[in-house]
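Enquirer: sequence below, structure please.
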Amino acid sequence: MKIRRKYLFYTLAFASAIIAAGVATIDAVISSFYIPNALVFSFSCFLVGTIISLLIILIFSIPINGKSLGSKIIDPSFKRLRLVRKEELKYHIPAGIGNAILTIGYLSLLSILGDPSTVLPFSQIVILYLVLIESITEKNIPTLSEIQSSVIVMFGAMLGSISLTGFINLESLAIVFLVINPAWVLFSIYQRKLKTMKIDRRPNDALNIRFWNVVFACLFTAIVVFIYDFIMDTGHFLGGITASIEHFEWVALTMGITFFSYVFYIRALGIGKASVTQAVRASTILFAIPFSLVLSYFNVIPPFSTDPVMILIKMIGTILVILGIVSFALTLIKAYVFISVKPGYPIEETMQKLWKIGGVTRVTVTAGYYDFIVKIRTRTLVKGYEKIIRKLEEIEAIKEYKWESVLKEWENI
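Expert: Predicted structure coming up:
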């Protein structure tokens, strides 16, 4: 099946958001009735998650008509379960650390607030962190429209994070800004680097990335819990093992569903920037509201307030998130520039100069009439076009170039 690349990106991001909202609901139930301690719950999640993720990826490795089951229904790049390559380790380690810290922070926040419709919006403030980090780590400085859209989503998420009971917890704010958001940046940035890598001359697949991320996160969570137990003289390490056995079904359920949420998220990261992907995934706050209503109905969380002011604030936050996502969707512009180079100029040097131009996401050397095909991504057509063309004209090696804007892009799903 083929689908337009833009539609595929939004389908993956929205699917991840919907699943995440459902997972948060299950986590709220587990945290309330079965495993109230965040450290114990986190360690249990990764212990059971490693087993469940292994079973899932082994099932998807089953060959059918020459292709794996996973490549047919989840990720076309997937072949089978494989070992981590040496070049992946430098990305898997920080991504695993990020996931471990993120999970501990998220479950701590959930144990404090209880309400998924309050917890999930809090984590969307990470969008501004991602925009800032991307402007530093990538040569693609965010445009004004990206910053505006990010701010809109961020403020919408902040308004949406206010509980309908009107309760604001300072401890939860500290966890969000000092633990969850930095960890999420670390996790998403390096997951994206893994997804954009080439393994055996083909794109890296989301299934193996997710499985090994769970393994590394399990290792780092075990280290954190063990050190905490040693310093504080507690028994969270053994508690995590015990909880994994006693509540295996519940933890397996949440980690099995989470597996697919993150696989879709990782695939989306391979198509769009981390900040843009996260902005679209911020729609999870919309899907979390009905789940929270169900939890309130069954008295898992306190009943919602019917104060019209609090309801209005929640609605304004939700509308702002939608507007921010739409703004991201409508401003992205892609193009290809076909370049011919004068004789006598070194290809490698010219390639490096092209790669340094802001907005360039790929430089390909070709054999034929054109020497380079450069992929462009920008969010301001006129200003972005003029800036890139000006930089191209400053490169002496370029003999001629032709700009072709992308109207539609298709990809296998």
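Enquirer: and Ser44, how close does it get to Gly105?
Expert: Distance, Ser44 to Gly105, by CB to CB, to the nearest Å: 16 Å. Just so you know, the C-beta spots here come from the backbone N, C-alpha and C atoms, and that holds for glycine as well.
Enquirer: of these two, give the one with the bigger neighbour count.
Expert: Using other CB atoms under 10 Å as the criterion, Ser44 and Gly105 rank with Ser44 on top: 30 against 23.
Enquirer: which residues touch the more buried one?
Expert: Ser44 is in contact with Ile35, Gly240, Ile241, Ala243, Ser244, His247, Val251, counting by CB atoms under 8 Å, 6 or more residues apart in numbering.
Enquirer: the first one - that's part of a strand, no?
Expert: No. Residue assignment for Ile35, taken from DSSP: H, G, I helix; E, B strand; the rest coil, gives coil, which places it outside any strand.
Enquirer: tell me the pLDDT of the closest residue in space to it that isn't next to it in sequence.
Expert: The shortest distance from Ile35 to any non-neighbouring residue, by CB to CB, 6 or more residues apart in numbering, is to Phe41 (4.3 Å). Looking at Phe41, its pLDDT reads 95.
Enquirer: and Phe41, what element?
Expert: In this assignment (DSSP states H and E), Phe41 forms part of helix 38-60.
Enquirer: after that helix comes which helix or strand?
Expert: Scanning forward in sequence from helix 38-60 by DSSP H and E, the next helix or strand is strand 63-64.
Enquirer: ok, and what's touching the next helix or strand after that next one?
Expert: Next helix or strand after strand 63-64 toward the C-terminus (DSSP H and E): strand 67-68. Applying CB under 8 Å, 6+ apart, the external contacts of strand 67-68 come out as Phe60, Ser61, Ile62, Phe78, Lys79, Arg80.
Enquirer: pretty sure Lys334 is in a strand, no?
Expert: Yes. Per three-state DSSP, Lys334 lies within a strand segment.
Enquirer: so what's it closest to, chain neighbours aside?
Expert: Val406 (4.0 Å).
Enquirer: likewise for Phe155?
Expert: Nearest to Phe155 is Leu320, by CB to CB, 6+ apart, at 5.8 Å.
Enquirer: hmm, Ser150 and the one you found touching each other?
Expert: No. Applying CB atoms under 8 Å as the test, Leu320 and Ser150 come out as separate, 11.6 Å apart.
Enquirer: which strands and helices lie in contact with the helix or strand hosting Gly105?
Expert: Assigned by DSSP H and E, Gly105 belongs to helix 89-113. Using 3 or more CB pairs under 8 Å, 6 or more residues apart in numbering; DSSP states H and E as the contact test, the elements touching helix 89-113 are helix 5-33, helix 38-60, helix 116-123, helix 170-175, helix 181-195, helix 206-232.
Enquirer: angle of that helix against helix 181-195?
Expert: 140 degrees (axes from the mean of the first three to the mean of the last three CA atoms, to 10 degrees).
Enquirer: so which bits of helix 89-113 are buried?
Expert: 91-92, 94-111, 113 (16 or more other CB atoms under 10 Å).
Enquirer: so what's the gap between that helix and the chain middle?
Expert: 13 Å (CA atoms, centre = their mean, to the nearest Å).
Enquirer: now it: mean pLDDT?
Expert: On average, helix 89-113 scores 90.
Enquirer: and if you look at stretch 55-66?
Expert: pLDDT averaged over stretch 55-66 gives 92.
Enquirer: what does that stretch rub up against?
Expert: Contacts of stretch 55-66 (CB under 8 Å, 6+ apart): 68-70, 72, 74, 78-81, 207-208, 211, 256, 259.
Enquirer: mind redoing it with 6 Å?
Expert: Ser68, Leu69, Gly70, Arg80, Leu81, Leu207, Phe211, Phe259 (CB atoms under 6 Å, 6 or more residues apart in numbering).
Enquirer: wait, what's in contact with the third one?
Expert: Same thing as Gly70. Phe60, Phe78, Leu207.
Enquirer: skipping adjacent residues, who's closest to the last one in space?
Expert: Counting by CB to CB, 6+ apart, the nearest residue to Leu207 once its immediate chain neighbours are dropped is Phe78, at 4.8 Å.
Enquirer: so that neighbour belongs to a strand, correct?
Expert: No. Phe78: not assigned to a strand; according to three-state DSSP it is coil.
Enquirer: quick revisit: select only the buried ones of the contacts of strand 67-68 in PyMOL?
Expert: In PyMOL syntax, the buried subset of the contacts of strand 67-68 is picked out as below (16+ other CB under 10 Å):
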select buried, resi 60+61+78+79+80
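Enquirer: just confirm Lys195 contacts Tyr265, I think it does.
Expert: No. Here Lys195 does not reach Tyr265: they are 9.8 Å apart, not a contact under CB atoms under 6 Å.
Enquirer: same drill for those two, tell me which one is more crowded.
Expert: Tyr265 (26 against 22).
Enquirer: so the more buried one makes contact with Ser16?
Expert: Yes. Applying CB under 6 Å, one finds Tyr265 in contact with Ser16, separated by 4.2 Å.
Enquirer: distance of Ile398 from Gly358?
Expert: 17 Å.
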